[in-house]
Structure formats: C-alpha cells, structure tokens
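Participant: Have a look at this prediction, sequence included:
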Amino acid sequence: MIRPNSRCFVLSFVAGYLLANITAIQPAVAIAELRAVMHADVQVQESALRAAKMSGANAIVLQLDGRSDGERQREVSAARRILQCGLDLYYWIEIARCPPLADAHPEWMASLQGHSEWRRLYKEVPQPKRNVEVVKNYPWVPVLYEEAFAAHRQRVRQLLRGKPTAKGIFLNDLQGAPSACGCGNAFCRWTGDYGAIKTATPLPANAAARFVAAVGQLAPESEIIPVWVTECEEHDGAPDGMCAGVGCFQGICWKAYTRQLTPLAEQSRQIGVLLPFRALHRDLPRYGGTAGWIRHAVRTFQTMPPRHGGNSIVANRLICVLQGWNVTAAEIEAQKKHAQESGTAGYIISKVEIDQSWDPRIHRIGR
C-alpha cells in the first residue's frame, strides 16, 4: 500500500520526468504549412496583399520574368512590398518553356520524333525533309542539353540579380517537353529527343538535380524547390485517350521519369507538383468530384517510383501548385481541400496562368 505522501512523490516524479523529456517525443523542428498565392509583379498591389492575408496566406510567390530594366525594377519593387507587408517571399522562375531562348537558339529546343500521333492535333504541319529538317517543340528548351543548361543558369543569375533574398525559389519545368515521345500527351515529357537526330548535347538523367544544385550556388540563402509534373496514366493509352493508343504507360515514360526524379528527390527537401487540374485537362469524372485528380496525382509520388526502381516520396515533402486562373472561388477551395487532406506540405494558388502550351515547328538542321 502506498501512503499519501509516497503517492504524491511518485506522481511528482512521473510529472517531472515527462516534462524533462517532452522534447524527446516532439519533432525537433515544426515546419509551417505553406499557404501561398502566386502573382506577377503588376498584380502585387496593396489590395492583392490584403486579400491574400484575409484568405489565410502566409506567403507570396512572385513570378520572375523581367527582360527589360523597367520590368526588373518592377519586380524589385514588388518583392519589397511583399516583405514590408509581413508575408514570406518566394520566387517562381520558368525554365524549359522559354520563348526568348527558343527564338535565339532553336537548335536547343526539344524535338518531336518517334511516334507521330501528335499530328492528330496539328494536321497542317508538313513532313520534315529526311536528314535535313526536324520538327521542334516550340518554345521548350529543356535543361537536358549541355548548351541549354548553361544558358538557363545564366538566365536565372540575371533574374535574381539585385532582388531581395527570398525564402525559397521555385524552378518550374525541369523535365523534357510535352509530348516528348510524339504521342501528343502533354504529360509525357521525359526526354528532349525520342529519335536519332540531336542538335544539342544530351545530358544524363540527373540533369534536373544538377540544375537545382547550380541554382543553389547562385542563391545560397534560399531553398531551391523544383517543380515536377506527373507522367501519363493507363487510361491515356486508349485509342481516344491523350496518348492516342501509344503504350506510354507501360513503356519507357515512367521508367525514365523515375530515373530523373530519384536524384532530385535525394537532394531536395521539398518538391513542387504542378497541378492545374483544368488547364491540364484532368477535370474528369473518373477522379471523383471537383479537382479530385489532385489526390490521385499526389499518390503517384508514393506508388509509382517504387514500381520503377525508385523510392516512395512522402506527401509531406510535396507542395501543390494549384490553378487560380479561369476557375471559380469554389473550385479554388476544393483544390486547397484536396491538397491539405492529402497530407502535403502546403499549396500555391497561382493567380498567374502557367502556360504549358507547345507548338510544332520545322527546323533546318545545322542552321
């Protein structure tokens, strides 16, 4: 039998032990969920910042694309306004889809070789002359080529020059170009050239990971966050599907995807996932409810890499990039709900259209 004084002693001892060791049963660092809105510089006005705060946002992602001195100065001013209002500052830089670089160096663009199913979408494009011409995928210039890698790194350096330090920098489209194999599906973007003709120097599968590391050297005080797109799905391979009967899902697409994603995931703490459900034509009943595809796409990071020699990427490392243009307020809320209930690290509501379009163009080899 424990006497009252002894019982008090035991309870005090247990309480003291738990208090002394409470840090041992809690995470060492609590990472706040990212709740961000993405704007172009002209959108960063006081009214937009107030609206972002009222919606529960804790950060603004500023799209950087300044090509003139005036545009770059507007971006500096916008970044300063974001910091002054007490929100975290992030930058967004588009990599592969780059019209100025495609116009200056068409030989660095990805090509449309291999399958010809893409022609059902562009019936007017003539056949290239054998060994003289190749169809290029305008304006996509992936970092999968040595020459483009160096040019993009220089672009990023120029875009960041003179800007306030951001908490993080999102790098979008580090993969190949849409319809990489020629099937016509914008999700199939695992390569630059699915064919023999090469007009630039290919890099190995870790090119995206190397590019993230290179940008990290340019901005050592910011977290560099790559933004990825999922690959095709089995139903896309149906004759009336987005792959138009091509066996992409069972073919090389996910295998090459995993080889590129694995080194990236090994070095990057967080990964953005591009999920504009309507712009990418994933507003389909098969996913159940408004923007239900978001849950499915997040799950592929856990399920698909292990099937192809990679490791599962847990949801709390993923940041969902959601569609905030050409959608209703209710659709935005549905997207946010799917992202949060999927257990992700947060979301970005993009008020800027993230253009993923592509256009076949004939390019004369050696020009």
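Facilitator: Okay, I see it.
Participant: Please report the distance of Arg130 from Ala196.
Facilitator: As defined by CB to CB, to the nearest Å, Arg130 lies at a distance of 11 Å from Ala196. Yep, even glycine has a C-beta here, placed from its N, CA and C like the rest.
Participant: Pull out the buried positions in the helix or strand hosting Val227.
Facilitator: In the assignment (DSSP states H and E), Val227 maps to strand 223-228. Neighbour-count burial for strand 223-228 flags Ile224, Ile225, Pro226, Val227, Trp228 (criterion: 16 or more other CB atoms under 10 Å).
Participant: Rebuild those as TSV, extending it with distance to His363 and pLDDT.
Facilitator: Converted to TSV, those look like this (distance: CB to CB, whole Å; pLDDT from 0 to 100):
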residue	distance to His363	pLDDT
Ile224	32	98
Ile225	33	98
Pro226	28	98
Val227	27	98
Trp228	27	98
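Participant: follow-up on the earlier one: against which helices or strands is the strand holding Val227 packed?
Facilitator: For strand 223-228, the contact count by 3 or more CB pairs under 8 Å, 6 or more residues apart in numbering; DSSP states H and E identifies strand 168-172, helix 207-218, helix 253-267, strand 271-274 as packing neighbours.
Participant: Pairing partners for the shortest one, with directions?
Facilitator: Right, the one you point to is strand 271-274. Here strand 271-274 is paired, per DSSP bridges, with strand 223-228 (parallel), strand 318-323 (parallel).
Participant: okay, these in a markdown table with distance to Trp92 next?
Facilitator: Below are those laid out as a markdown table (distance: least, CB to CB, whole Å):
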| stretch | distance to Trp92 |
| --- | --- |
| strand 223-228 | 8 |
| strand 318-323 | 9 |
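Participant: Quick one, which of those gets closest to Pro360.
Facilitator: Ranking the strands paired with strand 271-274 by proximity to Pro360 (CB to CB) places strand 223-228 first, at 24.3 Å.
Participant: Helices along the protein, start to end?
Facilitator: Secondary structure of the chain by DSSP state H: the helices cover 4-20, 46-54, 69-84, 99-104, 146-160, 207-218, 253-267, 293-307, 329-341.
Participant: just the ones you listed: most buried one?
Facilitator: Counting by mean count of other CB atoms under 10 Å, helix 253-267 has the highest mean neighbour count of the helices of the chain, with a mean of 21.
Participant: Run the angle between it and strand 223-228 for me.
Facilitator: Interaxial angle of helix 253-267 relative to strand 223-228 (axes from the mean of the first three to the mean of the last three CA atoms, to 10 degrees): 170 degrees.
Participant: Going forward, count from 581.
Facilitator: With 581 as the first residue, the last one maps to helix 833-847.
Participant: ok so, going back, hmm, which two among the buried residues of strand 803-808 are most spread apart?
Facilitator: Distances among these were taken as CB to CB; the most separated pair is Ile804 and Trp808, at 13.3 Å.
Participant: Quick check: pLDDT value at Ala859.
Facilitator: Per-residue pLDDT puts Ala859 at 97.
Participant: ok, for it, nearest residue in space, not its chain neighbours?
Facilitator: Leaving out its chain neighbours, the residue that sits closest to Ala859 by CB to CB, 6 or more residues apart in numbering is Gln903, at 5.8 Å.
Participant: Contacts for stretch 635-651 next, please.
Facilitator: The contact list for stretch 635-651, computed with CB atoms under 8 Å, 6 or more residues apart in numbering, reads 612, 614-621, 624, 629, 632, 652-655, 658-659, 662, 667-674, 680, 739-740, 743, 746-747, 750, 928-930, 932.
Participant: how about 7 Å then?
Facilitator: Where contact means CB atoms under 7 Å, 6 or more residues apart in numbering, the residues beyond stretch 635-651 that reach it are 612, 614-621, 624, 632, 652, 655, 658-659, 662, 667-674, 680, 739, 750, 928, 932.
Participant: Determine how far stretch 777-785 lies from the middle of the whole chain.
Facilitator: Averaging C-alpha positions (CA atoms, centre = their mean, to the nearest Å) puts stretch 777-785 22 Å from its chain's average.
Participant: Sort out which residues of it are buried, please.
Facilitator: The neighbour-count criterion (16+ other CB under 10 Å) identifies Thr779, Ala780, Leu783, Ala785 as the buried residues of stretch 777-785.
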